[in-house]
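S.K.: build me a structure from this.
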Amino acid sequence: MKQARWISLAVVLLVAGAASRVEAGTVTITFTTTPRGGQYAPNNVVAVWIQNQAGTFVKTIGRWANARKQHLVAWTTAAGQNDADAVSGATRLNHAAPLTVTWNLLDRATAMVPDGTYTIRMELTDLNANTAGQNNQGTFTFVKGSQAQMQTGLANGGFTNVSINFDPAAVGGTCNNGVVDAAETCDPGVAGSCPTTCAASADRCMPNVLVGAATTCDAACRVETISACAAGDGCCPDGCDEASDPDCGADGVDVTGGCETGGGHGQLLVFLGLGVALLGARRRRRT
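M.R.: Residues are numbered from 1 along each chain as shown. Presented below is the predicted three-dimensional model:
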């Protein structure tokens, strides 16, 4: 009788453990973007993030944006403008190459999320949007559990050729194991390997920015080139002038002390010409 009770208890514990078990794995999303038709097109910025079944923000898993990230209105509303979960790259110059992100199923606090249905949110903008409706918005779902899933040929909200591959048997990564592994740029377990700030760049048109995050072992400093005309970034890129970029002075010279690109090359040539002329005059006086 006593043995039967122990067997019953073992069965109950086994069933309870199976019900509460959290499957690991990874989900990999590949997609192609399309233009929205804004003033910066074909340049564009993109964010990808996860929401749970209740619609609560879980984690940013991909972001191609630094300057103008505030115009990803739906993403900033969900994650906050200072969210640094994942920065996959700089502002994109076109829509030629598809994008791929992989999520290791950890939330912002690096805890494994429970099984269930999750929503993949995508947003793209190529304009100074102030409402989410002005941007491309894609929404897709997958179920995290014991069964693998492969979805292909999806399209929604300006995002096409979308594939979602959930593999519950995949290793979710070796982040925070005290070793900077091959696919990582840093590891929190290795002191000083994950940067928290980046050295200032001497050229404001090529800022040195912090991308990635220590929590995902991909924090790094990366030089990004500013190519779009925009106010407040201290840069006057090539092709910009006072009318399109307040940071540009006369002839495209950056009035805030950053790089002198744009039409400012003409002034530089004038100064060089004057210098050569003065040097020639001094030599003639000596002879």
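S.K.: nearest the geometric middle of the chain, what residue?
M.R.: Arg63 (2.0 Å; C-alpha atoms, centre = their mean).
S.K.: and whatever helix or strand it lives in, what other elements does it pack with?
M.R.: Here Arg63, judged by DSSP states H and E, is contained in strand 57-64. Counting contacts by 3 or more C-beta pairs under 8 Å, 6 or more residues apart in numbering; DSSP states H and E, strand 57-64 is packed against strand 45-51, helix 73-79, strand 99-103. Every C-beta, even on glycine, is put in place using the N, C-alpha and C of the backbone.
S.K.: got a list of contacts for it?
M.R.: 29, 44-52, 69, 75, 78-79, 83, 85-92, 99, 101-103, 106-108, 113, 118 (C-beta atoms under 8 Å, 6 or more residues apart in numbering).
S.K.: pLDDT on it, on average?
M.R.: Per-region confidence: strand 57-64 scores 94 on mean pLDDT.
S.K.: same question for stretch 154-162.
M.R.: For stretch 154-162, the per-residue pLDDT averages 98.
S.K.: going forward, begin numbering at 30 instead of 1
M.R.: Happy to do that; since the first residue is 30 now, the last one works out to stretch 183-191.
S.K.: so which bits of it are buried?
M.R.: 183, 186-189, 191 (16 or more other C-beta atoms under 10 Å).
S.K.: in those, find the pair that's most separated.
M.R.: Using C-beta to C-beta, the buried residues of stretch 183-191 reach their maximum pairwise distance at Leu183 and Gly187, which is 12.5 Å.
S.K.: quick check: which of the helices and strands packed on strand 86-93 has the most neighbours on average?
M.R.: Mean neighbours per residue, mean count of other C-beta atoms under 10 Å, is largest over these for strand 74-80, with a mean of 25.
S.K.: list the strands paired with that strand, with their directions.
M.R.: Applying DSSP bridges, strand 74-80 is found paired with strand 86-93 (antiparallel), strand 145-154 (antiparallel).
S.K.: distance of the nearest residue to Ala113 once chain neighbours are set aside from Arg137?
M.R.: Nearest residue to Ala113, sequence neighbours excluded (C-beta to C-beta, 6 or more residues apart in numbering): Ala242, at 5.1 Å. Applying C-beta to C-beta, to the nearest Å, the value for Ala242 to Arg137 is 9 Å.
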